[in-house]
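S.K.: Build me a model:
(2 chains)
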Amino acid sequence: MTDWLVLVLDAPLMSFGGAMIDQHGVTRGDPGRSLLTGLIGNALGYEHRDAGRLEALQHRLDHASLHLRDGEALVDFHTVDLGQPFMRSGWTTRGAPQGREGGSAGSSTHIRNRHYLAGALRLVVLTLGAGEGPDLDAVETALREPARPLFLGRKTCLPARPLLAGRVTAADAVAALHRAHALAAALGLADFPAEAEGLAAEWPDDGLLPRNARQETVVDQRDWRNQFHGGERRVVAGPLPKRGGPP
Amino acid sequence: MTELPRFLQIHTLTPYAGVLLNRDDIGEAKRLPLGGSMRGRVSSQCQKRHWRLAAGEWQLVPAAERAIRSRRTFEYHVARPLIDEGLDEARVAEAIAAVQAEVLGESKKAAAKKKGEETAPDLHTSQVIVLGPGETRYIVGLVRKLVADAGTNKDFKAALQALLKAEKPNFASMREGAGLDAALFGRMITGDVFARADAAIHVAHAFTVHAIESEPDYFTAVDDIVADSGEQGSGHINTSELTSGLYYSYVVVDVPLLVANLQGCAAADWASADRTLAGQVVERLIGTIATVSPGAKLGSTAPYAFADTVLVEAGKRQPRSLANGFYKAIGLSRNDLREEATARLLDQLGRLDAMYGKAEDRRIASQIPDLAETAPAGLNLPALAVWARGLVDGTVAFAPGA
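M.R.: Residues are numbered from 1 along each chain as shown, chains lettered A, B, ... in the order given. Here you go, the predicted structure:
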């Protein structure tokens, strides 16, 4: 049996960063491993230069998520005026500034479409495998009184309730989601379906593929040293099966 | 030492009538679907831009500041750590004086000018130069290597000149990006995370507490010259959207990071750092949030409104908004919508307290009379802002859960 922390992700706007395509910063339906690593890293007070500690944390992390409320897609039209003096170039630790040269990139308006989930509600169970670094107790404490404000994907996505809902014990991620749902219902968090079975969910691929579910490959791990995403991970997405539920 | 709050949470409710605060790419008001109804929305970025640029009573850049404090940054957070490491004091001082002049943009020409006439303000230093922890860490590294490596005095001087020459464009960029702006709102121009300034304030998208009220505004621009000649019709016909709404806005101040970004110290050392400027910034920020409009179409809609209610919470626990108090939209048929919005805000506060316990210290300023029982002590806006400043600089006692 494993201990899992239960997190409620609740905010009018959330974003679970997918692969950025051109000017589209899309969102996935479920939070990825890098988002949770960054969230916990923020709570523990890690900094950008603590890449090693973030890598280690991401490597030990295991999680699954459940849709209590699906939410709706929202695309925010976002512009940046690149002509502002401080936007022209930035200093770097490499000893030479980096500028924006060529074409209209130096002075024009930069357009981004930022995708969000509006009015969504997610339940997340997470645990940490063996290894160096904080244990689950330390993470629990840090989430309650974090070193920095916590956010759900982007700094504009500020949680509408304390993220930490409690702790459950379960043999696997699917069972943990069932117990987390029961916990959330007991706490009276919000209006959501009374049955966990059948709600949309995503959990690590454990080799068992229930009916109506599909295997997916997600790229949701960050190379924290070099600042890009990589590393495929196999997950199962679909309606939460009864398997492993409370007796 | 007394306890300090790590986070300030600023909640506001502000009503606007007949405006177009924030548009999307087709010119319509930005929207947010929430709890089964469509709301008006003002993006985080839009709010921040107007707060940054606002001039007036609460404007964010305090005129009296400027480079004076940056010199202190060099002394406290660059020179002292190196001297404490046992490096040659005279060489450290010489190197830092030279680097400081370069970073702050005090060229030899300007220094020579100072003797005679009054110095004209350097265009590039018209804003407060604020060196954050990323900047000081980098400069400490440069000077440490320079002083440790150089052998003879001659070698040292040559190496220093070479360093200044090589770093000149980099230091110029550092100066350009080193405003109060970066300390508050962050800076991420390059892909270099070590040079990044993380925003010390987090701003949620503001949204209406009720379903959006919208009206297509048909307008014509009459060409007076053509009209005088007896021609009928207009020079331009168009439609724009006007909306009315009572917006809930939510901001979190990361106090340790704000102090670090302003003082150049490590965030971990915020409690022992000078927090005077951070306190002033917080005071002005609260005033700005409550009084500065994020609106466009200034000439045709005069979108100027002050907040009905401003609630400030100070605490150490994970910040969370009161957005769920408005998850279900307030009915538009209510003629006490403003009163109801403030009541809902306080009701949501009460619900969170009931479930998680109370751990914040709170004050409220509100135009709405007869606040619910959960209302924290009432103040006016200037007093509320001064209270928050005192919590940051340590002159007001922090009483969590009181």
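
S.K.: export stretch B:90-104 as CSV, just CAs?
M.R.: Coordinates of each C-alpha in stretch B:90-104 appear next as CSV, following Å, rounded to 0.1, in the frame of the first residue of the first chain:
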residue,chain,number,x,y,z
ALA,B,90,41.0,47.2,-2.1
ARG,B,91,40.7,45.3,-5.3
VAL,B,92,37.1,44.3,-4.6
ALA,B,93,36.3,48.0,-3.9
GLU,B,94,38.0,49.1,-7.1
ALA,B,95,36.3,46.5,-9.3
ILE,B,96,32.9,47.1,-7.8
ALA,B,97,33.2,50.9,-8.2
ALA,B,98,34.0,50.4,-11.9
VAL,B,99,31.2,47.8,-12.5
GLN,B,100,28.7,49.9,-10.5
ALA,B,101,29.4,52.9,-12.7
GLU,B,102,29.0,50.8,-15.8
VAL,B,103,25.8,49.1,-14.7
LEU,B,104,24.1,52.3,-13.4
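
S.K.: how far away is B:Arg137 from B:Gly264?
M.R.: As judged by CB to CB, to the nearest Å, B:Arg137 and B:Gly264 stand 9 Å apart. No exception for glycine: its C-beta is placed from N, CA and C like everyone else's.

S.K.: For those two, indicate the residue with more neighbours.
M.R.: Taking other CB atoms under 10 Å in any protein chain shown, B:Arg137 and B:Gly264 do not tie; B:Gly264 has more neighbours (28 against 18).

S.K.: My read is that that one contacts B:Tyr138, right?
M.R.: No - the pair B:Gly264 / B:Tyr138 is not scored as a contact, 10.8 Å apart, by CB atoms under 8 Å.

S.K.: give me every residue that touches B:Ala200.
M.R.: B:Ala183, B:Leu184, B:Gly186, B:Val253, B:Asp254, B:Val255, B:Leu257, B:Leu258, B:Asn261 (CB atoms under 8 Å, 6 or more residues apart in numbering or on different chains).

S.K.: Against chain A, which of these make the cut? List them.
M.R.: With CB under 8 Å from any CB of the partner chain as the criterion, the contacts of B:Ala200 include B:Asp254, B:Leu257 near chain A.

S.K.: Which single residue in chain A comes nearest to chain B?
M.R.: A:Gly90 (3.0 Å; CB to the nearest CB).

S.K.: Could you check how many residues crowd around that residue?
M.R.: 25.

S.K.: biggest helix in the chain by residues?
M.R.: Reading this off chain A. Secondary structure of chain A per DSSP state H: the longest helix is helix A:173-187.

S.K.: my bad, chain B
M.R.: Longest helix in chain B, counting residues (DSSP H): helix B:153-176.

S.K.: buried ones in that helix?
M.R.: The neighbour-count check on helix B:153-176 (16 or more other CB atoms under 10 Å in any protein chain shown) flags B:Phe156, B:Ala159, B:Leu160, B:Leu163, B:Glu167, B:Asn170, B:Phe171, B:Ala172, B:Ser173, B:Met174, B:Arg175, B:Glu176 as buried.

S.K.: can you check stretch A:110-122 too?
M.R.: Buried, per 16+ other CB under 10 Å, within stretch A:110-122: A:Asn113, A:Arg114, A:His115, A:Tyr116, A:Leu117, A:Ala118, A:Gly119, A:Ala120, A:Leu121, A:Arg122.

S.K.: Please identify the helix or strand for the fourth one.
M.R.: So the one you mean is A:Tyr116. Taking DSSP states H and E as the criterion, A:Tyr116 maps to strand A:109-118.

S.K.: on that earlier part again, among the contacts of B:Ala200, find me the one that's closest to chain A.
M.R.: Nearest member of the contacts of B:Ala200 to chain A, counting by CB to the nearest CB, is B:Asp254, at 5.4 Å.

S.K.: who touches the closest one in this structure?
M.R.: By CB under 8 Å, 6+ apart, B:Asp254 lies in contact with A:Arg148, A:Pro149, B:Arg6, B:Phe7, B:Ala200, B:Ile201, B:His202.

S.K.: let's see it at 7 Å
M.R.: Contact analysis of B:Asp254 by CB atoms under 7 Å, 6 or more residues apart in numbering or on different chains lists A:Arg148, A:Pro149, B:Phe7, B:Ala200.

S.K.: ok, B:Ala221 - contacts?
M.R.: So B:Ala221 contacts B:Ser234, B:Gly235, B:His236 (CB under 7 Å, 6+ apart).

S.K.: go on, B:Gln9?
M.R.: Going by CB under 7 Å, 6+ apart, B:Gln9 touches B:Val252, B:Glu313, B:Pro319.

S.K.: what ranges of the chain fall below the confidence cut-off?
M.R.: All of this is about chain A. A:18-20, A:83-86, A:100-107, A:243-247 (pLDDT under 70).

S.K.: that answer is for a different chain, and I need it for chain B
M.R.: For chain B, residues meeting the criterion pLDDT under 70 lie at B:1-2, B:62-69, B:107-128, B:189-190, B:370-377.

S.K.: Quick one: the helices in it, in order.
M.R.: Using DSSP H, the helices of chain B run over B:44-53, B:68-74, B:80-84, B:89-104, B:108-115, B:133-149, B:153-176, B:180-185, B:224-228, B:255-263, B:276-291, B:298-301, B:337-356, B:381-393.

S.K.: most packed of those?
M.R.: helix B:255-263 (a mean of 27; mean count of other CB atoms under 10 Å in any protein chain shown).

S.K.: Please name the bridge partners of the spatially closest residue to B:Ser366 that is not a sequence neighbour.
M.R.: Take B:Ser366 and drop its neighbours on the chain: the residue closest to it by CB to CB, 6 or more residues apart in numbering or on different chains is B:Thr309, 4.1 Å away. On the basis of DSSP bridges, B:Thr309 is bridged to B:Leu13, B:Ser366.

S.K.: What parts of the stretch 51-200 of chain B come near chain A?
M.R.: Contact residues, the stretch 51-200 of chain B versus chain A (CB under 7 Å from any CB of the partner chain): B:138, B:166-167, B:169-170, B:173-174, B:176-177, B:179, B:181, B:187, B:189-196, B:199.

S.K.: Okay, helices next: where are they in chain A?
M.R.: All helices of chain A, identified by DSSP H, fall at A:33-44, A:51-60, A:85-88, A:136-144, A:173-187.

S.K.: Just send the ones you listed back as TSV, with mean neighbour count and distance to A:Leu158 too.
M.R.: What follows is those, written out as TSV (neighbours: other CB atoms under 10 Å in any protein chain shown; distance: least, CB to CB, whole Å):
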stretch	mean neighbour count	distance to A:Leu158
helix A:33-44	23	12
helix A:51-60	18	22
helix A:85-88	16	25
helix A:136-144	16	15
helix A:173-187	22	20
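
S.K.: Pipe those into TSV and attach distance to chain B per row.
M.R.: Compiled in TSV, those are given as follows (distance: least, CB to the nearest CB, whole Å):
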stretch	distance to chain B
helix A:33-44	8
helix A:51-60	9
helix A:85-88	5
helix A:136-144	6
helix A:173-187	7
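
S.K.: Select, out of those, the one closest to B:Trp387.
M.R.: Closest approach to B:Trp387 among the helices of chain A is made by helix A:136-144 (25.6 Å; CB to CB).

S.K.: what sits up against the closest one?
M.R.: The contact list for helix A:136-144 (CB under 7 Å, 6+ apart) reads A:Asp3, A:Leu5, A:Ile40, A:Ala43, A:Leu44, A:Thr127, A:Leu128, A:Leu163, A:Leu164, A:Arg167, B:Arg317, B:Gln318.

S.K.: export these to a markdown table and tack on distance to B:Ala90?
M.R.: Listed next are these as a markdown table, based on distance: CB to CB, whole Å:
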| residue | distance to B:Ala90 |
| --- | --- |
| A:Asp3 | 58 |
| A:Leu5 | 54 |
| A:Ile40 | 46 |
| A:Ala43 | 44 |
| A:Leu44 | 41 |
| A:Thr127 | 56 |
| A:Leu128 | 51 |
| A:Leu163 | 52 |
| A:Leu164 | 53 |
| A:Arg167 | 58 |
| B:Arg317 | 49 |
| B:Gln318 | 48 |
